[in-house]
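Colleague: Predicted coordinates and the sequence they were generated for:
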Amino acid sequence: MENVKQKIQVIKQPGEYSYVFSKYLEPIAHVKPGEVVEIHTKDAFENRVTSVNDKPTEKIGEYLNPQTGPIYIEGAEPGDTLVAHIIDIEPDRDWAVSVIKPGFGGLTNTDATRTLNDPLPEKVWIYKIEDGMVKSNDRLNFPWRPFLGTIGTAPEIEAISALTPFTHGGNMDVPDVKPGNKVYLPVKTEGAYFFTGDCHAGQGDGELCGVALEISAKVKIKFELIKNKEIKWPRIESDTEYMVVGSARPMEDAARIAYAELINWMVEEMGWEKLEAYQALTQIGKLYVGNMVDTYYSLVAKIDKKYAHQGE
């Protein structure tokens, strides 16, 4: 019998990109669980910064992180969990961009962290993507490590900025949101209203200057729907680890959310008793910073699957 190649639905933004996660927008596509889609995204600056001679303050405008969406998931209802299987991320150009933007970043004066110091000067780096590397110069030369900086569903009532990570997902800037992994997202509205964008060619922990290796891309995703399974915060699963993302300020509250929700996952689905799970994560848990620059900070708590299922 001949293999029949599955038809992939290509999804492009038909008009203006969304800078919010909201259920009050018209869906740009309808997708059934099990379908594979190819979602086209623009970079965090809507592809406006293209040269080292550009001034980000003149090019970018007031908003960042254009989202492709919303995408309506057939059958999704409040109280369900949407699972996004990230199959592939392919750049649709041969370069990435990073910048220093005045008033934005982890080690500078911002609207949320005020000082009397002058802003850092703006600067642009262009990186060539070639042979599995992303290179600006001999020192700024890093491996290709693509992931989705922003991914999420629509909140129940409010519209949330595409810069903000929270319970819906959003701008978490978590490198584990990458090909081969599954991202679990809460469904708060009929159809889920899925959005994604802000693809990165790579990023260090914390996204320190606020801008990773930004790319425009084509993203292949397959959606799965878990009916009547409610989660409070985004979860990620790889071949070897379980993870939960918590987003808050101060940073220690984001860490508490991530670890507490990981304990809940271990209790609900892996047979752990709460205090024993608490003890296990004390001894073997992992924690890293996704971003330390956004409206809320995102931290990721992890446990290796070999420990999560130990003793079963």
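Modeller: Sure thing, it's come through.
Colleague: other SSEs contacting the helix or strand hosting residue 280?
Modeller: For residue 280, the element it lies in under DSSP states H and E is helix 274-284. Packed against helix 274-284 by the contact rule (3 or more CB pairs under 8 Å, 6 or more residues apart in numbering; DSSP states H and E) you find helix 251-270, strand 297-304. For glycine as for every other residue, the C-beta is placed from the backbone atoms N, C-alpha and C.
Colleague: Now do the buried residues in the last one.
Modeller: Neighbour counts using 16 or more other CB atoms under 10 Å place 297, 298, 299, 300, 301, 302, 303 of strand 297-304 among the buried residues.
Colleague: do the longest one as well
Modeller: Of the residues in helix 251-270, those buried under the neighbour-count criterion (16+ other CB under 10 Å) are 251, 254-255, 257-267.
Colleague: now these as CSV including distance to residue 11 and pLDDT?
Modeller: Listed next are these as CSV, based on distance: CB to CB, whole Å; pLDDT from 0 to 100:
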residue, distance to residue 11, pLDDT
251, 35, 97
254, 31, 98
255, 35, 98
257, 31, 98
258, 30, 98
259, 35, 98
260, 35, 98
261, 30, 98
262, 32, 98
263, 36, 98
264, 33, 98
265, 30, 98
266, 35, 98
267, 37, 97
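Colleague: which residues in the stretch 51-200 of the chain form helices?
Modeller: With DSSP state H, counting those that start in this stretch applied, the stretch 51-200 of the chain shows helices at 56-59, listed in chain order.
Colleague: if I look at residue 142, how far off is residue 99?
Modeller: 16 Å (CB to CB, to the nearest Å).
Colleague: more crowded one of those two?
Modeller: residue 99 (26 against 17; other CB atoms under 10 Å).
Colleague: Specify the beta-bridge partners of the more buried one.
Modeller: Beta bridges link residue 99 to residue 124, judged by DSSP bridges.
Colleague: can you pull the contacts of it?
Modeller: By CB atoms under 8 Å, 6 or more residues apart in numbering, the residues touching residue 99 are 45, 49, 56, 122, 123, 124, 125, 209, 211.
Colleague: again, only this time at 6 Å
Modeller: Residues near residue 99 by CB atoms under 6 Å, 6 or more residues apart in numbering: 56, 124, 211.
Colleague: picking up where we left off before, make JSON lines out of the helices and strands packed on helix 274-284 and add distance to residue 278.
Modeller: Listed next are the helices and strands packed on helix 274-284 as JSON lines, based on distance: least, CB to CB, whole Å:
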{"stretch": "helix 251-270", "distance to residue 278": "6"}
{"stretch": "strand 297-304", "distance to residue 278": "12"}
